[in-house]
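In: Output the structure for:
(one chain, ligands or ions: 2)
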Amino acid sequence: MHPCPGTPTPVHSTVTETHVITTSGLTKVYRSRGREVTALDGVDLHVREGEVYGVIGQSGAGKSSLIRCVNLLERPTSGTVTVAGQDLTALAGRGPRAGRELRRARSRIGMVFQHFNLLSSRTVQDNVELPLEILGQAGRARSRKALELLDLVGLADKAKAYPAQLSGGQKQRVGIARALAGDPKVLLSDEATSALDPETTRSILQLLRDLNRQLGLTVLLITHEMDVVKSICDSAALMEKGRIVESGTVSELLATPGSELAAALFPVGGEATGADRTVLDVTFHGEAATQPVISQLSRTYNIDISILGAAIDTVGGLQIGRMRIELPGRYEDNVVPVGFLREQGLQIDVVGQESLLVKEGAK
Ligand SMILES: Nc1ncnc2c1ncn2[C@@H]1O[C@H](COP(=O)(O)OP(=O)(O)O)[C@@H](O)[C@H]1O
Ligand SMILES: [Mg+2]
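Out: Residues are numbered from 1 along each chain as shown. Ligands and ions are numbered 1, 2, ... in the order given. Model (predicted):
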């Protein structure tokens, strides 16, 4: 992982990181009844091996289109999709032989759906066996695999039950077991927890996290719930109108001044008490103590500092603290104190100073 001594360390290395899912310039235009809808508008996505990557965005942003293009359930209009080193777009629509290869590649991409998509006439075990049947695997190996997977998802005792006899959470566990049948390297999840109550959501997310760790499974999940990203994602992207507008590891995002995703992942409230005030969000990681810094600041510059809000939380497995403070005077009057805080290694976002944020972000 370490570059040779003397070579500058690239910030975003493409050489030393293995991306298991890559899309380049991915577009999807739906045409129906003379109307055109651009669902994806040039999406470059890079998902590293072994990570849980969350794509978040409002309804209609293009999340489902993206995930369906990643496994070629939907044919991209243009652009490429590479999964585990294989260019899937090159295989699509190139005759029966390439078609077979595509099916094989796709069988190694697990997919989990919001509404589970189980067959009601089949038992739990038979649902899990279905993809193996399609792959032509023999009966005995198939049932052994299915029982193993049901055990893995905590449903060993439900093999003979029918979907209608299961709770929502149990149905999704079956959906996950079925998705794992082809020993996939990647698991795609389209709103897998959106139909579940909060407690069941937590247990399903925990299961996905466990599978990610135990099997080294890369998970690409899409969601409209920030809590999902917060609890299990290593990296995240924000989608708006068919484009990715922000992306990075959770810690990169939290360290990006003005990041919308960071603010949504870790909101801290508090309004300015007057017009002539400077409001700062101070972000610190792990054990860093802000309290002494704040009182030092107050003593050094002889200013009164109010704390408008504060929170400590775990985001993407990192302990993060954020404090919103208010200094008397406008930003121009506080350039020196802000510089002092930055010198202490604290991340400072100036609230409500868009133009300054951009300038400061470039520092
Ligand atoms: N099969 C389709 N035919 C026509 N338009 C579609 C189709 N699927 C999705 N769309 C449109 O594409 C846009 C993105 O949809 P989608 O990918 O489902 O977003 P999301 O999952 O973020 O809600 C929406 O405007 C939606 O109406
Ligand atoms: Mg969707």
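
In: Next, find the distance separating the residue nearest to the spatial centre of the chain from ligand 1.
Out: Central residue of the chain (Cα atoms, centre = their mean): residue 54, 1.3 Å from the mean position. Distance of residue 54 to ligand 1, given as Cβ to the nearest ligand atom, to the nearest Å: 13 Å. Quick note: C-beta positions are derived from backbone N, CA and C, even for glycine.

In: so that residue sits in a helix?
Out: No - judged by DSSP: H, G, I helix; E, B strand; the rest coil, residue 54 forms no part of a helix; its state is strand.

In: Quick one: low-confidence residue ranges for the stretch 201-350 of the chain.
Out: For the stretch 201-350 of the chain, applying pLDDT under 70 flags the ranges 286-291.

In: got the contact list for the residue nearest to the centre of the chain?
Out: 221-223, 228-229, 232-233, 235-237 (Cβ atoms under 8 Å, 6 or more residues apart in numbering).

In: Beta-bridge partners for it, please?
Out: residue 221, residue 236 (DSSP bridges).

In: Alongside ligand 1, which residues does the protein contribute?
Out: With Cβ under 6 Å from any ligand atom as the criterion, the chain comes near ligand 1 at residues 30, 32, 37, 39, 57, 59-65.

In: what domains does the record give for this protein?
Out: Per automatic domain parsing, the domain ranges recorded for the chain read 19-108+184-253, 266-361.

In: JSON lines for the ones you listed, including distance to residue 159?
Out: JSON lines is the format used below for those (distance: least, Cβ to Cβ, whole Å):
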{"stretch": "domain 19-108+184-253", "distance to residue 159": "18"}
{"stretch": "domain 266-361", "distance to residue 159": "34"}
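
In: Give me whichever of these is most buried.
Out: Of all the domains of the chain, domain 19-108+184-253 carries the top mean neighbour count, a mean of 18, counting by mean count of other Cβ atoms under 10 Å.

In: Now residue 66: phi and psi?
Out: Main-chain dihedrals, residue 66, degrees, to the nearest 10: phi -60, psi -50.

In: re earlier: let's have the residues of the chain next to ligand 1 in a markdown table, adding pLDDT, distance to residue 209 and secondary structure.
Out: What follows is the residues of the chain next to ligand 1, written out as a markdown table (pLDDT from 0 to 100; distance: Cβ to Cβ, whole Å; DSSP: H, G, I helix; E, B strand; the rest coil):
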| residue | pLDDT | distance to residue 209 | secondary structure |
| --- | --- | --- | --- |
| 30 | 97 | 34 | strand |
| 32 | 88 | 38 | strand |
| 37 | 96 | 34 | strand |
| 39 | 98 | 29 | strand |
| 57 | 94 | 22 | strand |
| 59 | 94 | 25 | coil |
| 60 | 95 | 28 | coil |
| 61 | 96 | 24 | coil |
| 62 | 97 | 26 | coil |
| 63 | 97 | 20 | helix |
| 64 | 96 | 22 | helix |
| 65 | 97 | 26 | helix |
